[in-house]
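# sequence and predicted model, in that order:
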Amino acid sequence: MQLSNRVLNRTLLARQHLLERSTLTTPQMCDHLVGLQAQDVPPPFVGLWSRIADFDPATVSTGLDDRSLVRITLMRGTIHLVTPPDALRIAPHIQPELEKTPFRQGFNYGAMVGLDPDEVRAHGDAALGDEPMAAAALRAEAARIYPDRDAGAVLQTWLYQLPVLQTPPRGRWRDNSRPVWSRVQPWLGAPLDPDYPVAELILRYLRAFGPASTMDMQAWSRLPAMKQAVADLGDRVRTYTDERGRTLYDAADLDLADPDLPAPVRLLGWYDNALLSHQDRTRILGDGSAPPPRAFAAAVSPVLIDGFLAGVYKIFVKSGTARLRISPLRTWTKPEVAQVESEAAALLAFLEPESAPAVEVLAPGADVRP
């Protein structure tokens with residue numbers, strides 16, 4: 001069966017809970033999505049607000065404090081907000097890929113080339129110990145041990161080599177404190193679980209992002225052997241093709257979404273996984289005229305209209321006013337402008353309740369910077 005791009009779009013949005021807000025709890029949503037992108041502090045809050053009805057940001061702060069949620073480097077080598085079971089069972093799959101990075105020529109201009117990886121790891125092991133440690137303190141220790149190397153590169157190498165996570169206060173609601181790092185096992189009181197099958201992880205990916213190709217699976221996870229993982233799932237997956245004839249896999253017990261379902265306007269956080277978790281992103285970027293994902297850097301975030309990327313926005317707070325400036329990627333109709341303005345006003349009320357709100361829809365392609 002061939003699937004249109006619109007069927008893929010609506011199915012993705014339905015599984016991402018972006019067609020209508022969900023009653024799932026924060027941990028339940030994190031589990032369903034296999035984590036939320038949390039490289040910076042605000043994006044997971046925006047992602048959860050966009051997906052959960054009456055979302056309370058305190059649920060994230062409380063979860064980080066009582067250790068029922070954690071911020072840890074996982075898919076694509078980026079920080080994700082996940083539950084402890086996912087931290088313990090996904091990290092062992094991701095860790096070997098992370099550890100290959102620092103000693104390549106392209107890492108920090110070859111800053112670690114020539115050093116013994118095992119020796120570097122042992123020094124990092126001793127530096128971190130069993131208690132949380134601030135990044136600044138770790139960097140100082142790196143400078144002491146390797147005075148002829150870039151201390152930042154050494155620190156980053158340790159963070160790739162050792163299974164670590166970020167501890168509070170960073171990650172709490174509106175708390176952008178400097179990172180403090182801890183080993184996974186002392187913080188969660190449990191060892192990593194290396195026996196979690198990659199196939200189960202991929203099945204969960206399909207439940208949140210499918211149908212998808214093996215290239216999509218790899219783009220999301222950065223793990224090898226996706227074809228074997230799909231084979232291991234056997235009749236738990238079914239196959240489709242897309243408009244270009246590529247094979248797509250999906251959980252056999254899930255339905256596809258109606259392509260005629262209405263899709264409300266959504267404003268997501270920068271680097272939201274809904275946009276970054278496929279090799280072929282046309283199901284949400286549209287016809288290819290949209291800017292590449294790297295254009296979302298520096299906190300410039302996506303606006304979805306009718307389920308597809310239609311603009312970017314950024315919030316500027318100064319002198320008691322929060323300005324949410326939006327740059328459309330095409331000309332919007334008056335109803336579309338009204339819907340975007342309404343959703344943007346609601347987002348400002350959530351993110352910046354103490355500031356006077358101002359929503360500004362600019363000309364198509366305009367620079368969002370004031």
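Looks like it arrived, so ask away.
# verify the stated contact: Leu188 with Asp86.
No - using C-beta atoms under 8 Å, Leu188 makes no contact with Asp86, being 11.1 Å away. Where you see a C-beta, it was placed from the backbone N, CA and C, and this is true even at glycine.
# which ones are touching His123?
Counting by C-beta atoms under 8 Å, 6 or more residues apart in numbering, His123 makes contact with Ile145, Tyr146, Trp158.
# which of these are buried?
Buried by 16 or more other C-beta atoms under 10 Å: Ile145, Tyr146, Trp158, out of those.
# where along the stretch 151-300 of the chain do the helices fall?
Taking DSSP state H, counting those that start in this stretch as the criterion, the stretch 151-300 of the chain carries its helices at 151-161, 184-188, 198-209, 214-221, 226-233, 273-276, 282-285.
# go through the fifth one and flag the buried ones.
Within helix 226-233, the residues that count as buried by 16+ other C-beta under 10 Å are Met226, Ala229, Val230, Asp232, Leu233.
# and the nearest residue to the third one once chain neighbours are set aside, what pLDDT?
On the basis of C-beta to C-beta, 6 or more residues apart in numbering, the spatially nearest residue to Val230 that is not a chain neighbour turns out to be Tyr249, at 5.5 Å. At Tyr249 the predicted local confidence, pLDDT, stands at 98.
# which residues touch Tyr249?
With C-beta under 8 Å, 6+ apart, Tyr249 has these contacts: Leu206, Gly210, Pro211, Ala212, Ser213, Thr214, Val230, Leu233, Val237, Arg238, Thr239, Tyr240.
# of the residues you listed, which is the nearest to Gly124?
Thr214 (34.1 Å; C-beta to C-beta).
# and the buried residues of helix 226-233 as a markdown table, adding pLDDT and distance to Pro92?
Output for the buried residues of helix 226-233, formatted as a markdown table (pLDDT from 0 to 100; distance: C-beta to C-beta, whole Å):
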| residue | pLDDT | distance to Pro92 |
| --- | --- | --- |
| Met226 | 95 | 17 |
| Ala229 | 96 | 15 |
| Val230 | 97 | 20 |
| Asp232 | 97 | 17 |
| Leu233 | 98 | 20 |
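# rebuild those residues as a markdown table, extending it with distance to Gly63.
Compiled in a markdown table, the buried residues of helix 226-233 are given as follows (distance: C-beta to C-beta, whole Å):
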| residue | distance to Gly63 |
| --- | --- |
| Met226 | 31 |
| Ala229 | 29 |
| Val230 | 33 |
| Asp232 | 32 |
| Leu233 | 31 |
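# just list whatever residues bridge to the residue nearest to Val230.
Beta-bridge pairing for Tyr249 (DSSP bridges): Ala212, Thr239.
# how near is it to Glu97?
Here Tyr249 is placed at a distance of 22 Å from Glu97 (C-beta to C-beta, to the nearest Å).
# would you map the helices across the stretch 1-150 of the chain?
5-15, 26-32, 42-51, 58-66, 84-99, 117-128, 135-145.
# for Arg281, which of these is the nearest?
Comparing the helices of the stretch 1-150 of the chain by C-beta to C-beta, helix 5-15 comes nearest, at 10.2 Å.
# chain center to the closest one, what's the gap?
Helix 5-15 has its C-alpha centroid displaced from the chain centroid by 19 Å (C-alpha atoms, centre = their mean, to the nearest Å).
# can you name the residues in contact with it?
With C-beta under 8 Å, 6+ apart, helix 5-15 has contacts from 19, 207-211, 242-243, 248, 254, 256-259, 261, 263, 274, 282-284, 307-308.
# what subset of these is buried?
19, 207-211, 242, 248, 254, 256-257, 263, 274, 282-284, 307-308.
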